[in-house]
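S.K.: Next comes the sequence, and after it the predicted model I'd like to discuss.
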Amino acid sequence: MSDYQKLAELLFPNITKTPEYYEALYPQRDLPEGAKVTRLAPSPTGYLHFGNLFSAMVAYKTAKATNGIFYVRVEDTDQKRKIEGAVEIMLSGLAAYDVIPDEGVMTDGTQKGIYAPYIQSERTEIYQTFAKSLVQLGFAYPCFCSAEELDEIRAQQEKEDIKGYYGSYAKCRNLSFDEIRARIDAGMPWTLRLKSPGDINRKVVFDDMIKGKIEMPENVIDVVLLKANGIPTYHFAHAVDDHLMRTTHVVRGDEWIASVPLHIQLFRLLGFKPVKYAHIAPIMKAEGDGKRKLSKRKDPEAAVSYYIQEGFPSEAVNEYMLTIMNSNFEDWRRANKDADLSEFPFNLKKMSVSGALFDMAKLTDVSKNVISTMTAEKVFALSNEWAKTYCPQLAALYAKDTARATAILNIDRENKKPRKDIAKWSDIPEYISYMYDETFAPCYELCGNATPGLAADVLESYIDTVNLADDKDTWFARIKELCEPLGCTANVKEFKQNPDAFKGHVGDISTVIRVALTGRTNTPDLYSITALLGEETVKTRLIAALKHYKEEL
C-alpha cells in the first residue's frame, strides 16, 4: 500500500464508499440534446436581493429555453451565519416571480428529485468520499497550522503579489506519513488542503458564456477543502455537487471570476468535466454623471420585498427584468405583443458584459403597460390580495361591493387603447379615491376656458338635466344641448376658428362636470364614472360644486 493510500485510510477510516458508488447513484440525466441544467444555490443567510432574483431568473430562463432542468441546492455549510427560515422566505419570494424549481429544495422545505439530498449539510459523507479519493491520488493533504501560524504567514506575505498557503509557505505540504500520524495521534486538529499542481507561469483559458474568452494564471494556492470539523468549503462542495447533480451551466456573480482557475482545477483533479460558467455583472444604478452598484444599504428597491410591498405585479417585474437581461427582448416584444414570456428565446450571450442598469422609471412604464392589458377581474383579484396585507382601507372599500369595485377598475380598460394610469397596486387608492364618498377629496380648480362663472352656469343647468338612465349617446347629447344657451359651441373646431365668439366649447362644459364629480380635470370615461357614482352622489356633488363657484363670484 502506498503512503497516499495509507494516509487516506488514516484520515478517513469511516469512509467506505468510493467515487464510483456515487457516480452510479447519481447517473447522467436523460435530457434532449442541448438541454441545460442550471441551479440556484442560496445560503440561508439573509433576505432576497434584486440581484439574487435577477441571477435566479437568468439561470431559470437558461434552463427553460432549452427544455432543461432548474434546481435549488441549499449551501448551508457555514452554520454560524445560518438564519432559520431564510431559505423558505427566499424560495417563496422567487415563486412569486414564477421562478419555481423543477427539483431540489422546494418552497415548503421538502426535497424533490433523484439527486437528493440537495442540502449540503446532509452531504458530508459524499464530500469526504471525494476528499479521500484526492488524498489517494496525492492531490490533498492534512494541514495542522494554527490560526496564529496562518496569521504569521499572511504577515510575511504583506509585500508579495501572491498571498496564500503555497510553495515555501505551505508548511504541512511535505510532511511524511509518520509525521502526520504522530500529530493525529497527539490529537492535533487538521484541515484538508488541496495539493495544487498549478504553475504560476501557466495560463488557464475558459469561455465565459457572457463575457467571452478569459485567460488567467493557474491556481497555485493549496486551499482548504475540508474544515477541521469535516465540513467542506464552498470551492470543494460546489465542484462535487455540480458534477453529481449533472449541472451544465453555473450562473453567478462576476465576483467569482477570480476563483475560476481554482474551480476548473478542482474539476479536473476530481476527474470531472468542468461546468460552463456565466458570470453576471452586478446590477447598476445611475447616480449623477456616473453609475454605481445597486446597494442594499442605500436603495430600497434593492430588496425584492420592496416590489411586493409597493404592489408591482410579478408579470411586470419579470417583463422588466427581461428588458435588462437580453438586448433583443424589446424588439421581440414589439413583434409578439400577446406572447407569453416563456416563449422568448432567452440567450446568455445577449446579456450585458458590463452590467444592466436599473431604471425605476422604465420599470414603472413597463408595469403600466402590463397592467393595462389585464382584465378588470384580474386587476381586482391581484390588487385585493395585495390590499389585504398592505392597504386595509382599500380592501375594506372593495369588500363593500366587489362587483362595483371591479366595474370601477374596468372603466376605459378593455378597449383598443386602454388607459395606463396604474403602475402598481399602491397607485389604486388614489386613482379611484373619487369613486367613494369616504375617500373623495373635492377640488374645484378648473382648466381650459372654464371659469367659475361658466362653471356655475353649467352646473345650474346640468343638475336639472342629468339622467343616469341615459345611454352614453343620449348622455353626451344632453351635454351638447347645454352649449348654445350658455354661449358655448358644441363644435371644438368651430371654437378654434373663432374663439372670441364663444365662452368655451363642449370640452370645457365636460371639464366643469368632471371637476365637480371627481375633483380632477383628467379622468377615465366621465359617462361610466357618472353611472357608477349613482344618482344620490352625483346630485350631492354637483350641488356642492355649484355652491362653491357661486361663492367665488
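M.R.: Structure's in. What do you need?
S.K.: Could you check how far Cys483 is from Leu446?
M.R.: Between Cys483 and Leu446 the computed distance is 17 Å (Cβ to Cβ, to the nearest Å). To be clear about C-beta, it is placed using only N, CA and C from the backbone, and glycine gets the same treatment.
S.K.: So these two - more neighbours on which side?
M.R.: Neighbours per residue, other Cβ atoms under 10 Å: of Cys483 and Leu446, the larger number sits with Cys483, 21 against 17.
S.K.: Could I get the contacting residues of that one?
M.R.: Contact analysis of Cys483 by Cβ atoms under 8 Å, 6 or more residues apart in numbering lists 489-490, 505-506, 509.
S.K.: neighbour-wise, which of these leads?
M.R.: In the contacts of Cys483, the most neighbours by other Cβ under 10 Å go to Ile509, 27 neighbours.
S.K.: For Trp346, identify the helix or strand it belongs to.
M.R.: That one is not Trp; residue 346 is Phe. Of the helices and strands defined by DSSP states H and E, none includes Phe346.
S.K.: no, scratch that, I was asking about Glu215
M.R.: Element membership of Glu215, judged by DSSP H and E, is strand 212-217.
S.K.: Now do that strand: which elements does it pack against?
M.R.: Other elements packing on strand 212-217 under the criterion 3 or more Cβ pairs under 8 Å, 6 or more residues apart in numbering; DSSP states H and E are strand 203-208, helix 260-269.
S.K.: any chance of those in TSV, with distance to Lys293 too?
M.R.: What follows is those, written out as TSV (distance: least, Cβ to Cβ, whole Å):
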stretch	distance to Lys293
strand 203-208	20
helix 260-269	21
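S.K.: nearest to Gly46, of those?
M.R.: Gly46 sits nearest to helix 260-269 of all those, at 23.7 Å, using Cβ to Cβ.
S.K.: Identify all contacting residues around the closest one.
M.R.: For helix 260-269, contacts defined as Cβ under 8 Å, 6+ apart pick out 134, 137, 139, 194, 196-198, 204, 206, 214, 216-219, 221, 223, 235-236, 238-239, 243, 273-275, 277.
S.K.: Which ones among those residues map onto helices?
M.R.: By the criterion of DSSP state H, membership of those in helices covers 134, 235-236, 238-239, 243.
S.K.: What's the local residue count around the nearest residue to Ile231 once chain neighbours are set aside?
M.R.: Of all residues beyond its chain neighbours, the one nearest Ile231 is Thr77 (5.0 Å), with distances taken as Cβ to Cβ, 6 or more residues apart in numbering. For Thr77, the neighbour count with other Cβ under 10 Å is 22.
S.K.: hang on, the earlier thing: mark which of the contacts of helix 260-269 are buried, thanks.
M.R.: 134, 139, 194, 196, 198, 204, 206, 218-219, 221, 223, 235-236, 238-239, 243, 274-275, 277 (16 or more other Cβ atoms under 10 Å).
S.K.: how about the strands in the stretch 151-300 of the chain?
M.R.: In the stretch 151-300 of the chain, the segments counted as strands under DSSP state E, counting those that start in this stretch are 191-194, 203-208, 212-217, 224-226, 249-253, 276-280, 284-287, 290-293.
S.K.: Repeat that for the stretch 1-150 of the chain.
M.R.: 37-40, 69-72, 103-105, 111-112, 140-143.
S.K.: Just put those in a markdown table and tack on mean pLDDT.
M.R.: Shown next, in a markdown table, are the strands of the stretch 1-150 of the chain (pLDDT from 0 to 100):
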| stretch | mean pLDDT |
| --- | --- |
| strand 37-40 | 97 |
| strand 69-72 | 98 |
| strand 103-105 | 97 |
| strand 111-112 | 97 |
| strand 140-143 | 98 |
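S.K.: Out of those strands, which one sits most buried?
M.R.: Most buried of the strands of the stretch 1-150 of the chain by mean neighbour count (mean count of other Cβ atoms under 10 Å) is strand 37-40; its value is a mean of 26.
S.K.: list the helices and strands that strand packs on?
M.R.: Short answer (3+ Cβ pairs under 8 Å, 6+ apart): strand 37-40 packs on helix 50-64, strand 69-72, strand 249-253.
S.K.: how about a cut-off of 10 Å?
M.R.: Packing contacts for strand 37-40, counted by 3 or more Cβ pairs under 10 Å, 6 or more residues apart in numbering; DSSP states H and E, involve helix 50-64, strand 69-72, helix 86-95, strand 103-105, helix 234-244, strand 249-253.
S.K.: Sheet-wise, list the partners of that strand with their directions.
M.R.: Here strand 37-40 has these sheet partners by DSSP bridges: strand 69-72 (parallel).
S.K.: Now the closest residue to Ala531 other than its chain neighbours: which helix or strand?
M.R.: Excluding its sequence neighbours, the residue lying closest to Ala531 (Cβ to Cβ, 6+ apart) is Leu468, at 6.0 Å. Following DSSP H and E, one finds Leu468 outside all helices and strands.
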